[in-house]
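Engineer: compute the structure for the input listed below.
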Amino acid sequence: MKERKISIFVFFLLTLLTISIKTYFAYYIDLSLGVKGIVQNLILLMNPYSLVALILSVFLFFKGRKAFWLVFTAGFFLTLLLYSNVVYFRFFSDFLTFSTLNQVSNVDSMSGAVWSSFQWYDFVYFIDTIIYLFVLLFRKQWLNTKAFKRKFVPVLMGIAVALFFLNLAFAESDRPELLTRTFDHKYLVKYLGPYNFTVYDGVKTIKNNQQKAMASEDDLAKVRSYTKTKYAEPNQQYFGIAKKKNIIKIHLESFQTFLLGLKVNGEEVTPFLNQLTKGNGDFIYYSNFFHSTGQGKTSDAELTMDNSIYGLPQGSAFSLKGDNTYQSLPAILNQQEGYYTSVMHGDYKTFWNRDQIYKHFGIDKFYDASYYDMSPDNLENLGLKDKEFFKESIPYLKAEKQPFYTHLLTLTNHYPFTVSKKDATIASPNTGNPTVDGYIQTARYLDESIKQFITELKKEGLYDNSVIMIYGDHYGISENHNKAMAKLLGQDITPTKFMDLQRTGLFLKVPGIKGHVDPTYASQVDVMPTLLHLTGIDAKPYIVFGTDLFSKKHNQTVVFRNGDYITPQYKSINGVYYNNQTNEPLTDEQDKKNAEKIKNQVETELEVSDSLLNGDLMRFYKNPEFKKINPMKYNYVNGTVSKE
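Structural biologist: As a prediction, the model looks like this:
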C-alpha cells in the first residue's frame, strides 16, 4: 500500500489550526478580555482565522520544500507575536503596539520584571513549532512536495477576507464604532484577535505619525475651545494661599489605596500613611483619587500631573512625544513665580527618555542615579532603595534655591515586588501568589521610607514652608492576580470592585489649610490646575483638561485611559453602566441616558487630548502668559557620587 504523505495544503491547515488553538488557549488562560454571552464567545472562536489564513495562504504559491519552510516560518512568527503579547499582558494588562516596540530599550532596566512574567506552562505555545521543525529537518520523506494548484490560492484568500468582514460585522453589532471610538485595546483584541489588532495598530501608528505633519492652528483652536468649557474658576478662599511656598511631590510607585487600613496577620501594612488618612493632622486626604495612566504607567502619571493632559492610547508619550512643545507646571511656576525646579530619581536618566523630555518640560535639574550611591547593598529591583534614596535626597533639597518645585520618584514598590529579608518588616500574607505577597512587603517598606522622609523634612526645617503632595502613580496589582486579591481582601474582585481598586490616593499638605478627609472624585489630570491656583496663578490661559480640586465647579468625572469612567453616581466599564453606590447595572432609562452622555464626553475628551499630543499642537499656541521652553538651555550632567 502506498504511504500517505503530508501535502502542503494539509500542512497549511495544520499550521492554521494549531495557531488558532494556541490563541484560544491564550484567551482563556492568560488574557482577561471580559468575554460575555454567546455572540462574544462566537467572535472569539472566529477571529484568529482570517489574517492567519491570509498570511499563510500567500506561501501556497511556492513549490517544493520551500513552501513548507515558508509556511512554517510564518507560523513561527505569528506564534512569537502571540506569545510576546501574552508575556506583555501578564505585566502590563495590555497588548504590544508599534509604539511600545519603540521603547524596547527600557527592557534592560526591567529585566527582572519581565522574567517574573514567565509561567511553567509556556511550553504549550511552542509544542507545534517543535514538532513541525522536527518533521522538516528529520522526516523529509513524510512531505509531499507536489505544488498546490495556484488557481485555488486566490479562493482561499477570498475566504479569509470574507471571514474577516464577517468577524467585523459581528463585532460592530456587539460593539458599534469599534474601530473609530475605542480606546481599550482589550476590546480590539477581544473582537478582532491579536493578529488583526497588530495590523490595526500599524495603520493607526502611521496615521498618528502623519497627524503632526498635517496639523495646523485650526486643530489647536478646537482643543482650546474644548478646554475653555472645562475651566473651573478658583476658590478665592484658597487662591494664592501657597504663594512662594516650596512644592515637594512624592511619587509612590505602584501604590493603591486598598493598602490603607489593611491588616495582614494582625499588622497594619501602612501604619504611617494610615495616620494621614484620618484628616486630623496637616494633610488633606482625597479618598476618591484615581490614576489616569495607560501603557506609559509611571511616565504617564508624570506627564498628566505636570501637564494636565492624558497619556497616549499606545506607548509612552515620554518616548514618542519627547520633542513636543509643552506648557508644563514646573515651567509655569518658574516663569511666573521664580521657582527652581528639579526631579530626583534613583534610576538612570535615559529610562523612559526622561533626560530628553524633562528639557521640554523646563526642568532645571535632574538628579538621576549618577547623583546617588548605587552600591549593591543600596539596590533592590529596578534601582536605589527608597530609604537610601530619601536619605541622600535631603542634602540636595536643602541646597536648592527657594522657592523650589521638586518631584521625588520612589522605586522599591515596583513589580515584581522584591525585598530582602532584612528590609521585610511585615510577614507575607501567604496568598500563594508571589506578586501579591511581595506587594504587601514592599508597600510596608515604602510606608516606612515615607515616614523617615517626612521626619527628616521636619528636622531640616523644610516641612512647614512647603506644600507636600504624596500620591500613587498607577496600579500595582493587575487583574491577572484577582484570585489572590480576593483571598487577601476577603471578597470577589468583580469588574466594579476592580475599578474601585484603581484608587491611588492623594495626600496634600498646604500651609494654612487644616487637614481633613475629602471624598471629592478626582484624578491626576486635576493636580496641575490645583497647584497653579494654590500658588496664585490662574489656570485659565493654559490648556488643561483637569479642574481645581478646591473649586466649587470642580468636575468629578474621572476619566480612565481606556475610555471607562467613574463619577459619584455612575461607573462605565467595558460598555456597561453601573450605579456607583450599589454596583448594580443601571435599569432606569434616564440614568442610562445620563451615563451614555458622560461616556460620549469622556471619549471626546480623550480624542481631543490625543490630537494635542499627536499633532504637537502646543507649538501653535501663542500664550501671552508663557514663554516657550527652549530645551537647548538644559543639560543634565552626571553627578559625581561613586557607584563602585
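Engineer: quick one: the strands in the stretch 251-400 of the chain?
Structural biologist: Ranges of strands in the stretch 251-400 of the chain, per DSSP state E, counting those that start in this stretch, are 263-264, 267-268, 283-290, 340-345, 365-367, 379-380, 383-384.
Engineer: and the longest one, how far out from the chain middle?
Structural biologist: On the basis of CA atoms, centre = their mean, to the nearest Å, strand 283-290 sits 21 Å off its chain's mean C-alpha point.
Engineer: pLDDT (mean, whole number) over it?
Structural biologist: Averaging pLDDT along strand 283-290 yields 98.
Engineer: numbering from 366 from now on, please.
Structural biologist: All set: I'll call the first residue 366, so the last point we hit is now strand 648-655.
Engineer: Ser415 - how many residues pack around it?
Structural biologist: 23 (other CB atoms under 10 Å). Every C-beta, even on glycine, is put in place using the N, C-alpha and C of the backbone.
Engineer: mind listing what it touches?
Structural biologist: By CB atoms under 8 Å, 6 or more residues apart in numbering, Ser415 lies in contact with 525-526, 528-529, 532, 558, 561.
Engineer: which SS class is it?
Structural biologist: helix (DSSP: H, G, I helix; E, B strand; the rest coil).
Engineer: excluding chain neighbours, what is closest to it?
Structural biologist: Of all residues not flanking Ser415 in the chain, Phe529 sits nearest, at 3.7 Å (CB to CB, 6 or more residues apart in numbering).
Engineer: tally of neighbours for that neighbour?
Structural biologist: Neighbour count for Phe529, taken as other CB under 10 Å: 21.
Engineer: surely it meets Ala418?
Structural biologist: No - using CB atoms under 8 Å, Phe529 is not in contact with Ala418; the gap is 9.3 Å.
Engineer: quick one: the helices in the stretch 816-965 of the chain, in order.
Structural biologist: 847-854, 860-865, 892-899, 954-979 (DSSP state H, counting those that start in this stretch).
Engineer: got the contact list for the second one?
Structural biologist: Read it as helix 860-865. Contacts of helix 860-865 (CB under 8 Å, 6+ apart): 399, 844, 847, 856, 929, 931, 936, 938-939, 941, 943, 948.
Engineer: give the closest residue to Gly440 in space, chain neighbours not counted.
Structural biologist: Distances taken as CB to CB, 6+ apart put Thr380 closest to Gly440, at 4.3 Å, once the chain neighbours are dropped.
Engineer: quick one: the one you found from Lys756, how far?
Structural biologist: Going from Thr380 to Lys756 by CB to CB, to the nearest Å gives 58 Å.
Engineer: more crowded one of those two?
Structural biologist: Legend: neighbour count by other CB under 10 Å for Thr380 and Lys756, higher for Thr380 (25 against 17).
Engineer: next structured bit after the helix or strand hosting Phe454?
Structural biologist: Using DSSP states H and E, the element containing Phe454 is helix 429-457. Downstream of helix 429-457, the first helix or strand assigned by DSSP H and E is helix 463-466.
Engineer: pLDDT (mean, whole number) over that following helix?
Structural biologist: 72.
Engineer: also stretch 430-447?
Structural biologist: Mean predicted confidence for stretch 430-447 is 95.
Engineer: and stretch 386-406, by the same measure?
Structural biologist: The model assigns stretch 386-406 a mean pLDDT of 86.
Engineer: now stretch 748-759
Structural biologist: The pLDDT scores in stretch 748-759 average 96.
Engineer: swap in stretch 858-873?
Structural biologist: For stretch 858-873, mean pLDDT is 97.
Engineer: in it, what counts as buried?
Structural biologist: 858, 860-873 (16 or more other CB atoms under 10 Å).
Engineer: show me where the stretch 816-965 of the chain has its strands.
Structural biologist: Assigned by DSSP E, counting those that start in this stretch, the stretch 816-965 of the chain shows strands spanning 831-837, 871-874, 882-888, 923-924, 930-931, 935-938, 941-944.
Engineer: as a markdown table, these with distance to Asn995 would be great.
Structural biologist: Output for those, formatted as a markdown table (distance: least, CB to CB, whole Å):
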| stretch | distance to Asn995 |
| --- | --- |
| strand 831-837 | 28 |
| strand 871-874 | 32 |
| strand 882-888 | 31 |
| strand 923-924 | 32 |
| strand 930-931 | 38 |
| strand 935-938 | 42 |
| strand 941-944 | 47 |
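Engineer: for Ser916, which of the ones you listed is the nearest?
Structural biologist: When the strands of the stretch 816-965 of the chain are compared by CB to CB, strand 882-888 sits nearest Ser916, at 10.1 Å.
Engineer: which strands or helices does the closest one pack on?
Structural biologist: If contacts are counted by 3 or more CB pairs under 8 Å, 6 or more residues apart in numbering; DSSP states H and E, strand 882-888 sits against strand 648-655, strand 923-924.
Engineer: strand partners of that strand, parallel vs antiparallel please.
Structural biologist: Note on strand 882-888: by DSSP bridges, its sheet partners are strand 648-655 (parallel).
Engineer: report how many residues lie close to Lys595.
Structural biologist: Neighbours of Lys595 using other CB under 10 Å come to 18.
Engineer: swap in Val452?
Structural biologist: Other residues near Val452 come to 18 when the count uses other CB under 10 Å.
Engineer: separation between the nearest residue to it once chain neighbours are set aside and Ser619?
Structural biologist: Excluding its sequence neighbours, the residue lying closest to Val452 (CB to CB, 6+ apart) is Ser482, at 5.0 Å. Separation of Ser482 from Ser619 (CB to CB) stands at 15 Å.
Engineer: for the two, indicate the residue with more neighbours.
Structural biologist: The neighbour count for Ser482 versus Ser619, taken as other CB under 10 Å, is higher for Ser619 (25 against 18).
Engineer: tell me the contacts of the closest residue to that one other than its chain neighbours?
Structural biologist: Leaving aside its chain neighbours, Ser619 sits nearest to Gly841 (3.3 Å; criterion: CB to CB, 6+ apart). Gly841 makes contacts with 618-621, 778, 780, 782, 804, 808, as judged by CB under 8 Å, 6+ apart.
Engineer: any idea which element Ile613 lies in?
Structural biologist: strand 611-617.
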